[in-house]
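compute the structure for the input listed below.
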Amino acid sequence: MTKKKRKEEEQPDVTRDPSHDAGDAALAGAPGPDGRRVPAEIEDLRAELDESNGKWLRALADLDNYRKRVERDRRRWSGAAREEIILDLLDVVDNFERALACEDTNGSSTGGSLREGVELILKQLADVLRKHGVTPIETRACEFDPNFHEAVGHVESAEHDPDHVVEETQRGYLLGDKLLRCSKVIVSK
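You can find the predicted model right below:
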């Protein structure tokens, strides 16, 4: 056997990646931080790392935006549900106020203990609404404001200036600074 054949038999056959051959042949890469040449494989790994870091940062930003959107939607849905319940309660308040305003056929107001009970329930309900930020819109001696009032009628009035509220037929309410329900009013001409 020749020397060359014997050497090939002694060393196992290793399959090599062609990219390694190119990297081994020369350390031809960009200069590193210390001025020395960096192998191309390391450059490729750094580029891959930078790309992975960019993807990770974008995914993190997307997650943060998702959390903010979910929280904003939750607050909006919670506020809408709150408004819906309060609007239903305002109808109950209106009915209590009507019950207190009505009189018997004889012209006298409803009886003592029943009236006191209804007044206490109405006061308690008004306190609950006020606790949750609901306030009535003041209409007495006010100028008509289409942002807060809905005109359901017009009357001639010598006592009131033109475009002023003469009578409130249904009270309006604010939830914080937001209009919950317009006041229905009769306006002077």
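
going forward, measure contacts between C-alpha atoms and count neighbours the same way
Fine.

for this protein, which element, helix or strand, carries the lowest mean pLDDT?
helix 18-25 (a mean of 45; mean pLDDT, DSSP states H and E).

now the element after it, going C-ward?
helix 40-101 (DSSP states H and E).

next secondary structure element downstream of that next one?
From helix 40-101, the next helix or strand downstream (DSSP H and E) is helix 112-131.

low-confidence ranges in this structure?
1-38, 103-111 (pLDDT under 70).

make it 80
1-38, 102-113, 141 (pLDDT under 80).

and it, what are its domains?
Per the record's domain assignment (automatic domain parsing), the chain is made up of the domains 39-132, 134-189.

of the ones you listed, which stretch is the most buried?
The highest mean neighbour count among the domains of the chain, using mean count of other C-alpha atoms under 10 Å, belongs to domain 134-189: a mean of 17.

so how far is residue 67 from residue 73?
Distance, residue 73 to residue 67, using C-alpha to C-alpha, to the nearest Å: 10 Å.

same question for residue 128.
For residue 128, the distance to residue 67 (C-alpha to C-alpha) stands at 32 Å.

ok, residue 42 next?
37 Å.

before we move on, what about residue 180?
Distance from residue 180 to residue 67, by C-alpha to C-alpha: 29 Å.

specify the beta-bridge partners of residue 151.
Beta-bridge partners recorded for residue 151 (DSSP bridges): residue 185.

quick check, it in contact with residue 188.
No - using C-alpha atoms under 8 Å, residue 151 is not in contact with residue 188; the gap is 10.0 Å.

for residue 138, what are phi and psi?
Dihedral pair for residue 138: phi -80, psi 130, per degrees, to the nearest 10.

which residues sit in contact with it?
With contacts defined as C-alpha atoms under 8 Å, 6 or more residues apart in numbering, residue 138 is in contact with no residue.

can you tell me how far it is from residue 183?
Separation of residue 138 from residue 183 (C-alpha to C-alpha): 9 Å.

roughly how far apart are the residue most central in space within the chain and residue 188?
Centrality entry for the chain: nearest residue to the mean C-alpha point is residue 72, 2.9 Å, by C-alpha atoms, centre = their mean. For residue 72, the distance to residue 188 (C-alpha to C-alpha) stands at 43 Å.

next: residue 133.
Residue 133 is 31 Å from residue 188, by C-alpha to C-alpha.
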